[in-house]
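In: here are the coordinates; sequence isn't available:
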């Protein structure tokens, strides 16, 4: 996917092509109807779809909390919006990721509050489960450089990857 922005700061055009291994060729499909909220971010694959944090308008025209989660279904080649969880924090940045095959959302407000949730039944709004929620003045780094990797079998601890270099265990029940 390539996205081009107009000079008026509100117009944009997206060109989306799909590569077929079978025919060894690219073909154009319908344009992506949303603004990508973050540049140079690859789609996150969960439940047979690629996901991005998007907005209906460019981010700085729509804040606060204008972010949506868009999906591109790899089978049907259709776009959709994914229902989001209830957030307890306001005015936050959001990222999407995958945790054990499920769509995961990470939110951090502009100070010290952080939340992470997982959609356990894809496409079902009520299936979002909050995994982590804390306030810590020293956790300003958490959202930007920590990614969820896996649960411990008991689902009381989560393995996180920090700085793409170091693994840390996070106790979900006490943090």
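Out: Thanks, I have the structure now. Only a predicted model underlies this, so the values are computations on that prediction, with no experimental measurement involved.
In: for this protein, which helix or strand comes out least confident on mean pLDDT?
Out: Lowest by mean pLDDT, DSSP states H and E among the helices and strands of the chain is helix 59-62, with a mean of 49.
In: what about the spatially closest residue to residue 28 that is not a sequence neighbour, helix or strand, and which?
Out: Spatially, and ignoring its direct neighbours in sequence, residue 28 is nearest to residue 17 (5.3 Å; CB to CB, 6 or more residues apart in numbering). Quick note: C-beta positions are derived from backbone N, CA and C, even for glycine. Following DSSP states H and E, the helix or strand that holds residue 17 is strand 12-20.
In: now that strand: mean pLDDT?
Out: Averaging pLDDT along strand 12-20 yields 81.
In: excluding covalently adjacent residues, which one is nearest to residue 31?
Out: Once flanking residues are discounted, residue 31 sits nearest to residue 14: 4.7 Å by CB to CB, 6+ apart.
In: the one you found contacts residue 30, doesn't it?
Out: No: counting by CB atoms under 8 Å, residue 30 is not a contact partner of residue 14; they are 9.3 Å apart.
In: the more surrounded of those two?
Out: Set residue 14 next to residue 30 and count neighbours by other CB atoms under 10 Å: residue 14 wins out with 15 against 11.
In: bridged to that one, which residues?
Out: residue 3 (DSSP bridges).
In: just the one 4 residues further on next, same as before
Out: For residue 18, the beta-bridge assignment (DSSP bridges) gives partners residue 27.
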